[in-house]
Structures are given as structure tokens and as C-alpha cells.
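# coordinates for the following, if possible.
(chains A and B, ligands or ions: 2)
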Amino acid sequence: MKFLPYVLQHLRRSWIRTASTVAGMALCVFLICVLQTVLAAIESSIAGASPSRLVTRHAVSLTFNMPLAYKARIQAIDGVDRVAISNWFMGVYRDMKDFFPNFAVESEDYFAMYPEIRVPPDQMQAYLQDMQGALIGPDIARKHGFRIGDQFQMESVIPPYRVRGPMTFVVRGIYGAAPGREGSVNMTTMYFHYRYLYETIQGAEGVGDYAGAGTFNLQLRDPDLATAVMRAVDTNFENSDVQTKTETEGAFLSGFISLVGNLAGLLGAVGLAVAFTILLVTANTMSMAVRERRTEIAVLKTLGFSGGRVLALVMIEAAALGVLAGALGVLLAQALVGGLADLPFMGLLLGNFPALRVSPPVAGFTFTVAVVLSLGAGFVPALTAYRGRITEMLRHA
Amino acid sequence: MATVQVENVRKIYTRDTQTIVVLDGISLEVPDGEFVALMGPSGSGKTTLLNLIAGIDRVTSGMIRVGDTTVTGLSDAALAQWRSRHVGFVFQFYNLIPVLTAVENVELPLLLTRLTKRQRRERALTALRIVGLADRAKHYPRQLSGGQEQRVAIARAIVTDPSVLVADEPTGDLDAASAEDILTLLDTLNRDFRKTIVMVTHDPRAAARAHVERHLDKGVLAASVERHVPASRDAHEVPA
Ligand SMILES: Nc1ncnc2c1ncn2[C@@H]1O[C@H](COP(=O)(O)OP(=O)(O)OP(=O)(O)O)[C@@H](O)[C@H]1O
Ligand SMILES: [Mg+2]
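Ligands and ions are numbered 1, 2, ... in the order given. From the prediction side, this is the model:
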């Protein structure tokens, strides 16, 4: 590649332009990379959902609770092995920026249904025996320095859950993922006993239906029964005051995501817009470069450089921008994506997914996008250089 | 052998309905080793003719041969390759590439050859030595004077050892002393290195350095003015 020094010399000489172009592109690459990572995390958590688990919720919205009496009626339905209540507590530890997801669950049933969440037996024993017990993910333990036996307080942002002020918890266990299931276990969640929540708020003024079930998680005898059971559950409550909506866990997770907006679609659109920006930024830089180098291109051609070779030189220059920006953007994403869940709003959203990491396929994909787009952007200017007639280019210098 | 033969060449530009006849049936022969000055008023077609000889522009009709090659019959790609081997072009405004050093500029045409990096560098330095600028090899064009830039440009034109040099007003942008240096250099290249040179110029003193002067006016050549060829010419010849 004996022409490379020539190309790099140009980039080096107009380094301010090169640097600002690369920075702009790298920012776009960074965004695409992060978006792809978030999308991949969402997809993998949906893929990690078990086909033999269903989720029943209030037909109107996830934010309403259902009567506790429903549990027995659901359990009576043929094909249902086990039912566990699970409520979003939306408790905040210390500060909103430290937010991690937390659920009040019917512990025995819940953890029996989620074998991918592993807790050392002695810790599980201690947790089950302590009304104020909490199981936390290793990421929370690391971040806040929690150890077994530590006491802490949390207050919910949902008014009926905070009628009696902050609730006190004791760390009784730190869970992990079953071997091979690391991708589908979120390491930043906290679980505590539903009974503790219920007994704390029950009977207080203004609580009403909130002393109910946010979701019923159903374990099926056989995944093939999913459709039949979903229909059976929802038909069962058709004529009650509160209707239900039952979905597979995967569908429920996707539904949860659409609660926050059609996230996947939105992220896709943003990604596309960002990619288009890369195209414009590079196209602009490259056409500027070619325009101000008309004479130079004419000289190269006079010296015997063929049109094809001149085209290649421009393309190499564009590709070099793409490679620089791609590498920089991906590295930036790798360095920063882990911190994304720590951001105030993003934490609420992303806290539900296993730790974010830029995977090699995502890194490769984004890098390729950057290079391909810059080649695309370089193509029109390169064609101008290819087609330009020497005498014309010299005259209009 | 690099005799330049121009036969009945016409160059016509058409824009919309207007046609401009720039060269109207030019015939010219420049024998091998000759040094010709092409003169004429502005707009008479000197640059056009020079570009046609150098193969960077196309005739409307007629034929141009340089040595054994019928330049007018070559495809674009073949023409580019031919230029890289057989013609050296010197511009009025030097047209060095600003981001490259003197030696890198001179080396540029050699990138199209199969020479190794080291051979390319050696050849480029040799060419710079011939134009007397070996000590400026690492300088960028903006660090050189106009006359020095033009000498680097000449080094670039001769580095591939072409048999024909074409120069379009090579001294047009220089003061008298620098112009003199350039003309002396061209003279040396003609005498000692046997380059056939076609030089366009407005300057009668520059033209006086050539062996033959040709005048172009309104697209037609006037009769040639022969100058006496120095008798010692062969004595200066250096072995290739
Ligand atoms: N691409 C073109 N389209 C139209 N006319 C052109 C084009 N190129 C050159 N001409 C015309 O051809 C004529 C000769 O131009 P040329 O550049 O060869 O003149 P010249 O003798 O070199 O002049 P000067 O001494 O000013 O350099 C001019 O009238 C010019 O306007
Ligand atoms: Mg001219």
C-alpha cells in the first residue's frame, strides 16, 4: 500500500478538519453502538424468557393491581403448576440516581419458578426465615458495599406503598446465575418478601386495591399448554370487576418495553438517523477535500495516475476516516456503556436487563457500518475525481 | 527516438450553439533532441497544443505521434500509462503537492512503477541533485522559493526519465534571475540529457534560449524561426 502515506499525509495536514470529522463520526458510531447494545440486551432478555412461564396482569395497565383472591382461582386452572405474586415496589435506596429494580415476591414459589437465579442454600434459608430479608444482585452489593447482615432502608415512589414511610431490609443473600444462564439473569435486582409489603401497608388509609397483586407469575406443567392456559385465565375473570391479561413471559417483557415507548423501533429510527449523519459528515468532508484539490488531482492524472487510481485514493481517504471513527466510537462505547445503567432515567429502563456490554458482534457490526458508510460517502467525490478532465480541472483552479 | 509529429490537428470547443476553433489544422514536427519555443498572443492556443502533445487533452481531428506511439489513438487508460513513462510536464505555477516534501513530490510518478521504496527514494534524490536541490529534499513546497519550487517540479518531470519534456510558461511566474536558472536547467536537460523540449513562453528572452521558435496565431502556425544550434552540442552528451 505505497499510496497510503500520501493519503495519510493529507489527513494529517488538514488535521483540524480530520479531527472534527472523525470526532463527529465517532460520536455517531458511539450512539449506534450503544443503541445496538441496548437492543441486544432487550432481545437477549426476551430470548431468556421461559416458554413455560406466563404472566398475568391487570387488563388495563401494569400500574394497577389485582385482587389477591385471584391466586387461588388461577392455581385451580388445569396445567398451572405454581403461581407466585410479584410486585414492582419501585423503592429508592438513598437517591434516585442509585436506582435498581426491586420486587416484592412470594419467595418460595417465585424462586422455585426461576431456577436460573441461584442463591447459596444457607443464605436462602436465612432469607426465608427473616421477614425483612432481602436478596440482592452482586452488582448492587459491589456498588453499595452491601454485605450479608447489612440493614438498609428504601422508600417507594408509589404513594400507597409509602404510607408507612421507608421500609427496613436486611441483606440475607446475594444471588448469582445458574451456569450457562448468565445472559438471562439481571445482576442488579433486589427481591424481598411480598408478605412484608402486604403486612406493612394493609389496612392503611388510601391503600385500597394496592394491597393486591401486581402480577401473577405462572409456571406451566408443559409449555404446549401456554395458549390454552392464557385463554382459560383471562376467560375466568372476564365477568369480574378486574379483568386480566395473560401473556407468555417473553411477550410480557416485550410489553413492558413498549410501556416505555416503542423502544426497539425508536432506537432503530435513531440509529438510522445517526447513520445518515455519518454519511453527511463524511460526504461533506470528502467533497470539500476533492473540490479544493482539483489541481492536485489534475496533476496526479498528468503524471499518469489513471482515473481508477485517483478514485481509489479518494476512497482510501474516506475509508481511513471511517476506520478511525469506527475504532474510536466502538472503544468509547465499550468504555462508557457499562455506566449507562447508572444514569438517572436510563437506570429505570436498563436496570431490568443484565449488565450492558458491547459484544463482539455489535462492535463488528458498528465498525463495519462506519467504514461502509464512509466509503459510500466518499464515492460521489471519488467519482468526480475519476471523471474530471485534466484540462478542465487545471483551468478552474 | 522521440520525434514529436503533429499532423493537421484541429481542436474545436463547442458550447451550446457556439463553436470555437482553437487549433485549425496545425502541423508541426519537433525532431528528437530539439528544444522548441512556442510563442503567440494570449488565447492563440499554445496551452491547448501543448496539452495535446502531452496527451492530457484530446484532438478533435488529426494525429499526434511521439516516438513510435500514436498518442491520438490511445485509450484513456493507455494514455495515462504512456504519460507516466514518456512525458514530463512542467506547469507555470509548479503545482507541487503542498502536503508532500520535495523528495516525496519528486517520488510521486515513481509510485506507478515497480521500483522498491529504496530505489524510488534514490531516483528521486538523483533527480533533485540534477536540479541542484538535494539539500532541500525534506522541505515542503511552502518552505521553498518560486524558482526552487519550479526546479523541484522539473525534477518530478524528469524522474521517470521521459524522452519529452513539455513546459507551459515555466518562467512565467518567476523573477528574472530565477527564470534564468530555470532556462539554464532546461538547456542542460536538453543538451546533456538529450530531452526533447517543447516550451510555451511569452518571454522573448526565454524563447531565445531554444533552438527553434514557432509562433502560433489564431490557431495557425507561422513559419519557423531557426536559431543556430550550438556546435558543441554532441560534445556535451553524457552516456545514458
Ligand atoms: N474548455 C474550453 N472551452 C471553451 N473554450 C476553451 C476551452 N479551453 C480553451 N478554450 C479557448 O481556447 C483558446 C486557446 O486557449 P489556450 O489556453 O490554449 O490559449 P493560450 O495560447 O495558452 O493563452 P495564454 O497565453 O493566455 O495562456 C482560448 O480562446 C480559450 O478561451
Ligand atoms: Mg496558456
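
# closest residue of chain A to chain B?
A:Gly304 (2.4 Å; C-beta to the nearest C-beta). In this view, the C-beta of every residue, glycine as well, is placed from N, C-alpha and C.

# I figured that residue hits B:Arg85, correct?
Yes. Using C-beta atoms under 8 Å, A:Gly304 is in contact with B:Arg85, at 7.3 Å.

# those two: who's more crowded?
Between A:Gly304 and B:Arg85, A:Gly304 has the larger neighbour count (other C-beta atoms under 10 Å in any protein chain shown), namely 25 against 15.

# buried sites along the strand or helix carrying B:Ile26?
Assessed by DSSP states H and E, B:Ile26 sits inside strand B:18-30. Applying a neighbour-count criterion of 16 or more other C-beta atoms under 10 Å in any protein chain shown, one finds B:22-23, B:26, B:28, B:30 buried in strand B:18-30.

# do stretch A:180-190 as well
Result for stretch A:180-190 [16+ other C-beta under 10 Å]: buried residues A:181, A:183-190.

# now for the residues you listed: which two are most distant?
A:Gly183 and A:Met190 (20.2 Å; C-beta to C-beta).

# could you list the low-pLDDT ranges of chain B?
B:1, B:223-240 (pLDDT under 70).

# where does it come near chain A, residue by residue?
B:51, B:54, B:56-57, B:76-77, B:80-85, B:89, B:91, B:93, B:95, B:97-100, B:104, B:108-109, B:111-112, B:117, B:156 (C-beta under 8 Å from any C-beta of the partner chain).

# is B:Ile12 in a helix, a strand, or coil?
For B:Ile12, the assignment made with DSSP: H, G, I helix; E, B strand; the rest coil gives strand.

# chain neighbours aside, what residue packs nearest to it?
With sequence-adjacent residues excluded and distances taken as C-beta to C-beta, 6 or more residues apart in numbering or on different chains, B:Ile12 is closest to B:Thr60, at 4.6 Å.

# returning to that earlier point: for the buried residues of strand B:18-30, which one is nearest chain A?
Nearest to chain A among the buried residues of strand B:18-30, with distances taken as C-beta to the nearest C-beta, is B:Val22, at 11.3 Å.

# so what's that closest one up against?
For B:Val22, the contact set (C-beta atoms under 8 Å, 6 or more residues apart in numbering or on different chains) comprises B:11-13, B:45, B:48, B:219.

# apart from its neighbours in sequence, what residue is nearest residue 194?
Answering for chain A, as no chain was given. Among residues not flanking A:Tyr194 along the chain, A:Ala104 sits closest, at 4.4 Å (C-beta to C-beta, 6+ apart).

# hmm, no, I was thinking of chain B.
With sequence-adjacent residues excluded and distances taken as C-beta to C-beta, 6+ apart, B:Arg194 is closest to B:Gly33, at 5.0 Å.

# A strand includes that neighbour, no?
No. Checked against three-state DSSP, B:Gly33 lies outside a strand; its state is coil.

# what about B:Ser75, how many neighbours?
8.

# oops, could you answer that again for B:Ala127 instead?
A total of 25 residues lie near B:Ala127 under the criterion other C-beta under 10 Å.

# just A:Arg389 next, same as before
By other C-beta under 10 Å, the residues close to A:Arg389 number 14.

# can you tell me how far it sits from B:Asp76?
Distance, A:Arg389 to B:Asp76, by C-beta to C-beta, to the nearest Å: 10 Å.

# how about A:His10?
25 Å.

# again with A:His144
71 Å.

# those two: which is more packed in?
Taking other C-beta under 10 Å, A:His144 and B:Asp76 do not tie; A:His144 has more neighbours (15 against 12).

# quick check: that one vs B:Val166, distance?
Relative to B:Val166, and taking C-beta to C-beta, A:His144 is found at 79 Å.

# hmm, back to that, could you dump the contacts of B:Val22 to CSV with distance to B:Thr196 and neighbour count?
Shown next, in CSV, are those (distance: C-beta to C-beta, whole Å; neighbours: other C-beta atoms under 10 Å in any protein chain shown):
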residue, distance to B:Thr196, neighbour count
B:Lys11, 22, 22
B:Ile12, 27, 14
B:Tyr13, 28, 11
B:Gly45, 21, 25
B:Thr48, 19, 21
B:Gly219, 23, 22
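
# where does the most centrally placed residue in chain B sit: helix, strand or coil?
Central residue of chain B (C-alpha atoms, centre = their mean): B:Val166, 1.5 Å from the mean position. Here B:Val166 takes the strand state, with states given by three-state DSSP.

# next: A:Glu155.
Classification of A:Glu155 by three-state DSSP places it in strand.

# that one against A:Arg162, yeah?
Yes. Counting by C-beta under 8 Å, A:Glu155 sits close enough to A:Arg162 to count as a contact (5.3 Å).

# which strand or helix spans B:Leu189?
In the assignment (DSSP H and E), B:Leu189 maps to helix B:176-192.

# let's see which of the residues of chain B next to chain A end up in strands.
Those of the residues of chain B next to chain A mapping onto strands are B:Phe89, per DSSP state E.

# around A:Gly339, how many other residues sit close by?
By other C-beta under 10 Å, the residues close to A:Gly339 number 10.

# which ones are touching it?
For A:Gly339, the contact set (C-beta under 8 Å, 6+ apart) is empty.

# again with A:Asn87
For A:Asn87, the contacting residues are A:65, A:103-105, A:194, A:197, A:213-215, by C-beta under 8 Å, 6+ apart.

# 7 Å instead?
A:Asn87 is in contact with A:103-104, A:194, A:197, A:213-214, counting by C-beta atoms under 7 Å, 6 or more residues apart in numbering or on different chains.

# please name the nearest non-neighbouring residue to the closest residue to chain A within chain B.
Closest residue of chain B to chain A, C-beta to the nearest C-beta: B:Ser84 (2.4 Å). With C-beta to C-beta, 6+ apart as the criterion, B:Ser84 has its nearest non-adjacent residue at 2.4 Å, and that residue is A:Gly304.

# with ligand 1 as the reference, measure out to the one you found.
Per C-beta to the nearest ligand atom, to the nearest Å, A:Gly304 is found 22 Å from ligand 1.

# was I right to think that residue contacts B:Ala80?
Yes. Contact criterion C-beta atoms under 7 Å: A:Gly304 and B:Ala80 qualify, at 5.2 Å.

# joint contacts of the two?
Common contact partners of A:Gly304 and B:Ala80 (C-beta under 7 Å, 6+ apart): none.

# my read is that A:Ala363 contacts A:Val330, right?
Yes. Contact criterion C-beta under 7 Å: A:Ala363 and A:Val330 qualify, at 4.8 Å.
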